[in-house]
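# Sequence first, predicted coordinates after that:
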Amino acid sequence: DVKVTQSSRYLVKRTGEKVFLECVQDMDHENMFWYRQDPGLGLRLIYFSYDVKMKEKGDIPEGYSVSREKKERFSLILESASTSQTSMYLCASRPGGVPYGYTFGSGTRLTVV
Amino acid sequence: AQKVTQAQTEISVVEKEDVTLDCVYETRDTTYYLFWYKQPPSGELVFLIRRNSFDEQNEISGRYSWNFQKSTSSFNFTITASQVVDSAVYFCALSGLNYGGSQGNLIFGKGTKLSVKP
């Protein structure tokens, strides 16, 4: 069963901490994405990557960075967590070429206190 | 610019009612793809359907059906005889052809929260 796995389902961190959200896919997909989801705002793209070591900013990259050292893993980094980054974070992946649908992970609900 | 509008923020129905979720899109591309996703309370978005711009045939899958109309730039989703398990947030999304980089990224609507009450 192919899947996208996010390392944590729930996470509580303190303001100012450096936070790592990990995402691993086992489908050999070229493209990977990080979204945050907030009530009333839908899904907002933070960063995406269409190849190893490649990354592109999405709509709301401020306060975040990413790392893609291996094809299967795409990490989201909150350099200095703030309460405004309390949210649901969703990782997704997709093959290259014709745009198939994304496969999503089950999400990480991050609370910054 | 590409855009997806789901005007219905929340819908509440009673079990066994039919319900239609609206999706209107904007794009200048002649080739594009439309998607629907379901996000149950567990949180994971589940792919429901992909339709390309050259295929305007309506699609039916069990109690689910989709009506694609290029003339009105709409891709509406109907659930027949709704059930409590259909309660979820439903997202409509649009993508152009994937020429690399961001060209094939999905543009999501803000979602419609469907509550089906027993």
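That came through, no problem.
# okay, which residue is most central for chain A?
By C-alpha atoms, centre = their mean, chain A has its centre lying nearest to residue A:34, at 2.9 Å.
# So that one sits against residue A:23, correct?
Yes: Residue A:34 is in contact with residue A:23 according to C-beta atoms under 8 Å; the separation is 7.3 Å. Every residue, glycine included, has its C-beta placed from N, CA and C.
# what's the overlap in contacts for these two?
A:74, A:76, A:91 (C-beta atoms under 8 Å, 6 or more residues apart in numbering or on different chains).
# Would you mind writing the CA trace of stretch B:69-89 as CSV?
The C-alpha trace of stretch B:69-89 is given here as CSV (Å, rounded to 0.1, in the frame of the first residue of the first chain):
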residue,chain,number,x,y,z
GLN,B,69,-19.3,21.9,-17.8
LYS,B,70,-16.6,23.9,-19.7
SER,B,71,-19.2,26.4,-20.8
THR,B,72,-19.7,27.5,-17.2
SER,B,73,-16.2,26.5,-16.0
SER,B,74,-17.8,24.3,-13.3
PHE,B,75,-17.0,20.9,-12.0
ASN,B,76,-19.7,20.1,-9.5
PHE,B,77,-19.9,17.1,-7.2
THR,B,78,-23.2,15.4,-6.2
ILE,B,79,-23.6,12.9,-3.4
THR,B,80,-26.9,10.9,-3.8
ALA,B,81,-28.6,9.6,-0.7
SER,B,82,-26.0,11.0,1.6
GLN,B,83,-24.7,9.1,4.6
VAL,B,84,-23.2,10.2,7.9
VAL,B,85,-19.8,8.8,6.7
ASP,B,86,-19.9,11.4,3.9
SER,B,87,-19.3,14.1,6.5
ALA,B,88,-16.0,15.7,5.6
VAL,B,89,-14.4,18.7,4.0
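# Whether that stretch contacts chain A - can you check?
No: judged by C-beta under 8 Å from any C-beta of the partner chain, stretch B:69-89 stays clear of chain A, getting no closer than 9.1 Å.
# Residue 106 - how many residues pack around it?
You didn't pick a chain, so chain A it is. 15 (other C-beta atoms under 10 Å in any protein chain shown).
# think we crossed wires, I meant chain B
Other residues near residue B:106 come to 25 when the count uses other C-beta under 10 Å.
# In space, what's closest to it - neighbours in sequence excluded?
residue B:93 (4.3 Å; C-beta to C-beta, 6 or more residues apart in numbering or on different chains).
# quick one, what contacts the one you found?
B:4, B:34, B:35, B:36, B:37, B:106, B:107, B:108, B:109.
# Thanks a lot, see you next time.
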